[in-house]
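> coordinates for the following, if possible.
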Amino acid sequence: MGTTLTALLFSRGKAYLAHIGDSRAYLYRSGKLVQLSGDHSVVAEQVRAGLITKEQAARACTAM
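Okay, here's the model as predicted:
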């Protein structure tokens, strides 16, 4: 609990992204942000599994 990491490595003209936890990686291009990674959290896993909706997840996160 509480561990989070987002890392980006550039090597030989390529970029490698690694992340764990609820940190996110974004690409900022032409004035827009695009989320590149998803959260590794219980709530995010429940949304992906279809157990709760995104709206329920947002309420669960604000209640914490």
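> quick check: phi and psi on the closest residue in space to A7 that isn't next to it in sequence?
Spatial nearest neighbour of A7, chain neighbours left out: A18 (4.9 Å); criterion: Cβ to Cβ, 6 or more residues apart in numbering. All C-beta atoms are positioned from the backbone trio N, CA, C, and that covers glycine. Phi and psi for A18, reported as degrees, to the nearest 10, are phi -130, psi 140.
> do a quick rundown of the strands in this structure.
Ranges of strands in the chain, per DSSP state E, are 5-11, 14-20, 26-29, 32-35.
> mean pLDDT and mean neighbour count for the ones you listed - can I get that in JSON lines?
Formatted as JSON lines, the strands of the chain follow (pLDDT from 0 to 100; neighbours: other Cβ atoms under 10 Å):
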{"stretch": "strand 5-11", "mean pLDDT": "94", "mean neighbour count": "10"}
{"stretch": "strand 14-20", "mean pLDDT": "93", "mean neighbour count": "11"}
{"stretch": "strand 26-29", "mean pLDDT": "95", "mean neighbour count": "10"}
{"stretch": "strand 32-35", "mean pLDDT": "95", "mean neighbour count": "9"}
